[in-house]
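Novice: generate coordinates for the sequence data below:
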Amino acid sequence: MTSTAPDQQEPAFAQAPKTNSLAIVALASSFFIGVVGIVTGYIALGQIKARGESGRGIALAGVIIGWVQTAIVALVIVLIITFAATIGGLFAANNSASQPGSVGDSQTAAPLPTGQVGTADFDAGFLTVGTGPVTVDVYFDPMCPYCQQFEEANGPSLALAATNGAITLRLHSLTFLDRLSAGTDYSTRASSALTCEATLNPTSTLDYLAALFANQPAENSAGLSDDELVSLSTGSESIAECVADGEYATWSQANTEQATTGPIPGSDLPAISGTPTVLVDGVPYEGSLTDSVEFAQFVAAAFDR
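Specialist: Numbering: from 1, shown residues only. This next block holds a predicted model:
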């Protein structure tokens with residue numbers, strides 16, 4: 001019998017190729033973290049091809065399951081974001097409609113008042129005090145700090161001239177600074193409250209206007225509450241219900257739209273570009289807001305025109 005050297009012996013059976021370890025990692029991780037399964041699966045496939053290792057099916061399974069897992073997670077995230085956005089929008093809408101002191105849709109959809117009640121001339125779009133030969137129009141926003149400066153310097157003399165019949169004072173309370181009242185529509189509410197006073201307590205119109213500016217809130221604040229606006233009234237008739245209902249909110253906003261888009265009746269101004277804007281017989285006052293002497297001289301000159 002011929003013997004065979006040990007190094008020439010045939011193996012009793014063929015040795016199976018080694019299973020790639022990353023393929024196993026890919027499959028295991030794909031069930032929990034899809035991205036890890038995808039990345040390790042692709043790496044494992046490259047190693048298997050280069051090294052001749054086994055485990056290609058395991059690696060492919062890791063890649064496929066990883067993609068499925070990733071797609072499911074992405075879909076769930078999209079659904080959560082969509083659901084949260086929908087719920088948030090509904091909550092914001094409900095909160096805005098029910099927030100104390102805000103102007104609701106039912107108010108802004110109310111029909112505009114007509115005729116003249118107290119000092120409110122609804123058809124003309126302003127409050128009017130006095131019947132003098134010279135007409136002074138004051139366009140203001142209750143939250144405008146420059147309007148407060150003008151009122152402090154010139155409000156008393158204008159009130160005196162109007163009540164004495166020297167001038168016709170026409171007040172245009174605008175609402176464009178609602179955007180600076182933390183969502184409470186303060187300018188609209190204050191303008192509506194002023195109109196409530198003008199209709200229910202007409203002789204207190206100018207007193208209420210002075211009180212609004214004496215208690216003017218800062219811009220970017222919520223402004224005075226409805227109860228605080230009511231407390232400024234000095235008239236005998238309560239304005240509480242009128243203020244709570246926002247009875248003249250729509251009218252105030254309509255006046256603002258007309259004033260800011262123009263034209264301005266009786267003036268060469270195409271529209272109101274800011275507040276305060278003061279016209280004396282249609283002529284814009286362009287002097288100092290706080291120089292009462294200069295303004296008085298401007299008004300006095302109108303009597304000579």
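Novice: low-confidence ranges, the protein, go.
Specialist: Applying pLDDT under 70 to the chain flags residues 1-16, 23, 26, 30, 34, 37, 41, 62, 66, 88-110.
Novice: quick one, domains of it?
Specialist: Listed domain ranges for the chain are 18-95, 108-302 (source: automatic domain parsing).
Novice: just name the most buried of these.
Specialist: domain 108-302 (a mean of 19; mean count of other Cβ atoms under 10 Å). All C-beta atoms are positioned from the backbone trio N, CA, C, and that covers glycine.
Novice: which residues in the stretch 201-305 of the chain form strands?
Specialist: 277-280, 283-284 (DSSP state E, counting those that start in this stretch).
Novice: out of those strands, which is closest to A249?
Specialist: When the strands of the stretch 201-305 of the chain are compared by Cβ to Cβ, strand 277-280 sits nearest A249, at 21.8 Å.
Novice: tell me what that closest one is packed against?
Specialist: Applying 3 or more Cβ pairs under 8 Å, 6 or more residues apart in numbering; DSSP states H and E, we find strand 277-280 packed against strand 134-140, helix 292-302.
Novice: just how off-centre is the last one within its chain?
Specialist: Remark: helix 292-302 is offset 39 Å from the chain centroid, using Cα atoms, centre = their mean, to the nearest Å.
Novice: kindly report the same for stretch 156-163.
Specialist: Relative to the centre of its chain, stretch 156-163 is centred 37 Å away, using Cα atoms, centre = their mean.
Novice: quick one: contacts of it?
Specialist: Outside stretch 156-163, the residues that touch it by Cβ atoms under 8 Å, 6 or more residues apart in numbering are 129-130, 132, 136, 138, 167-169, 206, 210, 292, 296, 299.
Novice: one more: stretch 173-186?
Specialist: Contacts of stretch 173-186 (Cβ under 8 Å, 6+ apart): 96, 99, 101-103, 127, 139-144, 187-188, 190-191, 194-195, 217, 219-224, 249, 252-253, 255-256, 259-260, 272, 275.
Novice: would you map the helices across the stretch 201-305 of the chain?
Specialist: Secondary structure of the stretch 201-305 of the chain (DSSP state H, counting those that start in this stretch): helices at 205-214, 226-231, 240-245, 249-261, 292-302.
Novice: just to revisit the earlier point, output the helices and strands packed on strand 277-280 as TSV; include the columns distance to L232.
Specialist: Shown next, in TSV, are those (distance: least, Cβ to Cβ, whole Å):
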stretch	distance to L232
strand 134-140	16
helix 292-302	24
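Novice: what about the helices in the stretch 1-150 of the chain?
Specialist: 21-30, 34-51, 56-98, 105-108, 145-163.
Novice: closest to S288 out of these?
Specialist: With Cβ to Cβ as the measure, helix 145-163 is the member of the helices of the stretch 1-150 of the chain nearest S288 (8.4 Å).
Novice: quick check: angle from the closest one to helix 292-302?
Specialist: Between the axes of helix 145-163 and helix 292-302, defined by axes from the mean of the first three to the mean of the last three Cα atoms, to 10 degrees, the angle is 50 degrees.
Novice: quick check: angle from helix 145-163 to strand 134-140?
Specialist: Put simply, helix 145-163 runs at 150 degrees to strand 134-140, going by the same axes, to 10 degrees.
Novice: what's the angle from helix 145-163 to helix 205-214?
Specialist: 160 degrees.
Novice: verify the stated contact: A259 with S191.
Specialist: No: contact criterion Cβ atoms under 8 Å: A259 and S191 do not qualify, at 11.7 Å.
Novice: picking that back up, could you provide the helices of the stretch 1-150 of the chain in JSON lines, with additional columns for distance to D281?
Specialist: Shown next, in JSON lines, are the helices of the stretch 1-150 of the chain (distance: least, Cβ to Cβ, whole Å):
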{"stretch": "helix 21-30", "distance to D281": "83"}
{"stretch": "helix 34-51", "distance to D281": "76"}
{"stretch": "helix 56-98", "distance to D281": "42"}
{"stretch": "helix 105-108", "distance to D281": "34"}
{"stretch": "helix 145-163", "distance to D281": "14"}
